[in-house]
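Q: any chance you could fold what I've pasted below:
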Amino acid sequence: MSEFTLQNALVITGNGNDAAVGDISVADGKITAIGPGLKSHGETIDCAGAWLGPGFVDIHTHLREPGQEWKEDIATGSRAAAAGGYTAVVAMPNTDPAIDSAEVARYVATRGSEVGLVEVAPSGCLTAQRAGRELAQLEELCAVGVRLFTDDGDTVADAGLLRRAMEFLATRDCVVVEHCIDPGLGAGGQLHEGFVSQQLGMPGVPSAAEEIVIARDLALVRMTGVRYHAQHVSTAGAVELIAAAKAEGLPVTGEATPHHLMFDESYAAGADPVYKMMPPLRTAADVEAVRQGLRSGVLDIVATDHAPHADHEKKRPWAEAPFGVIGLEWAAAVVNTVVDLPAEDFFKVMATLPAHIAGFSSQGRLEVGTEANLVVFDPEAPTPVSGTLSRSSNSPYLGCEMRGSVVHTVYRGRFTVRNGRLVESSGGTT
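A: From the prediction side, this is the model:
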């Protein structure tokens, strides 16, 4: 395995130390030194003007394997993740079959390891087949290392069933992760209930559909003490609920997606289904509230909700197209462009806190002696979006110009992206 030193970058370790210009040396897959003026027996790579920190971690990725490989598979999703600066992702369980058993969880983890571009950890279903009628095999999933549990794509509507899951998972230091859309209020909804939905004559999803679920779930968190994470927060009211829960001391975290940080409901006015997602794009005031929630720490992390769909599925009339967009490759640029965080906070929401929530032991921090999972990010580089490494192309970012670019991604001491280009595990480049 190669030995190299990344020099002259603004180094953010994720350990609470102030950022400082310096170097990081890597040998045999591990970080061997951190500091200014390091000398390397191997290659030296100048990273002047760039930020160097822990590899990004996404705890909300749809890789579609097993069962929907025409949209994405673990190999293509891993390529997109590495290109976006990620060194770890959590695969959502709405696959076919769903990840509701140890057998499927082991398959996803093993396949991620075989691809070898990012660490792939499976999440597990809360209910069997995500059907909301009985609990999934929670003990079996915990035994194979699953930490995050969700029926993502569906809310667990039965509060009694969810309480039972919470009580079980609270004793195992696992996290209940909720897709917060009330199925009754959200039924048939195509976009945000408001001016644009009225203009287009389509049924909408009101903000209350999200906020009612979060309020109910927080009541269950008070009862059970479970660690709870709200996915894709999109409304000002939801941000306020999470802020109040944190002030109360509840073990609650929340995420913002790149698309809810960048776009508002006006983008849906042309009925282009590339802007169709769930939760839907909200008002400009909601977008600003989500941005401010991330800046203030009320929302803890950025998570992509990378949701690939093939062209024959997505390029249809709005009402017939599925919900979801892809975003792994551009999440960092979106955050850098529209939220504009200091380097330390940028790596906190992109790497350190996601790794902590998901329980990744070798991600989110840079320390001597640990695996070298890191990213070099140029915050000033212009980033025109013209293509994707995902199998699907349902991206609202195509054609956008953003600020900030992944220069290098290093996973377990090996370049997966070098000078902005993917390096395949075989050593070739794409």
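
Q: now name the helix or strand holding residue 292.
A: helix 284-296 (DSSP states H and E).

Q: against which helices or strands is that helix packed?
A: Helices and strands touching helix 284-296, as assessed by 3 or more Cβ pairs under 8 Å, 6 or more residues apart in numbering; DSSP states H and E, comprise helix 236-248, strand 252-256, helix 258-262. The C-beta positions use only the backbone N, C-alpha and C, and glycine is treated the same way.

Q: hmm, who's touching it?
A: 207, 233-236, 239, 242-243, 254, 256, 260-266, 299, 302, 335, 338-339, 341, 345, 349 (Cβ atoms under 8 Å, 6 or more residues apart in numbering).

Q: please pick the buried ones from the residues you listed.
A: Neighbour counting with 16 or more other Cβ atoms under 10 Å marks 207, 233-236, 239, 242-243, 254, 256, 260-265, 299, 302, 335, 338-339, 341, 345, 349 as buried within the contacts of helix 284-296.

Q: hey, C-alpha coordinates of stretch 406-418 in CSV?
A: Only the C-alpha atoms of stretch 406-418 are listed here, as CSV (Å, rounded to 0.1, in the frame of the first residue of the first chain):
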residue,chain,number,x,y,z
VAL,A,406,-13.9,17.3,-4.1
VAL,A,407,-10.2,17.1,-5.1
HIS,A,408,-9.2,13.8,-3.4
THR,A,409,-11.0,11.1,-1.5
VAL,A,410,-9.0,8.5,0.5
TYR,A,411,-10.6,5.4,1.8
ARG,A,412,-8.6,3.1,4.1
GLY,A,413,-5.4,4.7,2.9
ARG,A,414,-6.1,4.4,-0.8
PHE,A,415,-7.2,7.1,-3.3
THR,A,416,-10.7,6.5,-4.5
VAL,A,417,-10.8,9.9,-6.1
ARG,A,418,-7.6,11.7,-7.2
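
Q: so which of the helices and strands packed on helix 284-296 is nearest residue 227?
A: Distance to residue 227, taken as Cβ to Cβ, is lowest for strand 252-256 among these, at 7.7 Å.

Q: now do the helices in this structure.
A: 74-83, 102-115, 138-143, 159-170, 183-186, 195-200, 207-224, 236-248, 258-262, 284-296, 311-314, 331-334, 343-347, 353-358 (DSSP state H).

Q: tabulate the ones you listed (a markdown table), appending mean pLDDT and distance to residue 128.
A: Output for the helices of the chain, formatted as a markdown table (pLDDT from 0 to 100; distance: least, Cβ to Cβ, whole Å):
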| stretch | mean pLDDT | distance to residue 128 |
| --- | --- | --- |
| helix 74-83 | 98 | 23 |
| helix 102-115 | 98 | 12 |
| helix 138-143 | 98 | 10 |
| helix 159-170 | 98 | 11 |
| helix 183-186 | 97 | 17 |
| helix 195-200 | 97 | 34 |
| helix 207-224 | 98 | 20 |
| helix 236-248 | 98 | 28 |
| helix 258-262 | 98 | 30 |
| helix 284-296 | 98 | 33 |
| helix 311-314 | 98 | 26 |
| helix 331-334 | 98 | 32 |
| helix 343-347 | 97 | 38 |
| helix 353-358 | 98 | 23 |
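
Q: turn those into a markdown table, including distance to residue 391.
A: Formatted as a markdown table, the helices of the chain follow (distance: least, Cβ to Cβ, whole Å):
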| stretch | distance to residue 391 |
| --- | --- |
| helix 74-83 | 4 |
| helix 102-115 | 13 |
| helix 138-143 | 27 |
| helix 159-170 | 32 |
| helix 183-186 | 28 |
| helix 195-200 | 30 |
| helix 207-224 | 30 |
| helix 236-248 | 31 |
| helix 258-262 | 19 |
| helix 284-296 | 29 |
| helix 311-314 | 10 |
| helix 331-334 | 18 |
| helix 343-347 | 28 |
| helix 353-358 | 24 |
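
Q: how about the ones you listed, which one is nearest residue 325?
A: Between those, helix 258-262 lies closest to residue 325; by Cβ to Cβ that is 5.6 Å.

Q: may I have the closest one exported as PDB, CA atoms only?
A: C-alpha atoms of helix 258-262 as PDB (Å, rounded to 0.1, in the frame of the first residue of the first chain):
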ATOM      1  CA  PRO A 258     -29.100  19.100   0.000                       C
ATOM      2  CA  HIS A 259     -32.300  19.500  -2.100                       C
ATOM      3  CA  HIS A 260     -34.300  21.000   0.800                       C
ATOM      4  CA  LEU A 261     -31.400  23.400   1.400                       C
ATOM      5  CA  MET A 262     -31.100  24.500  -2.200                       C
END
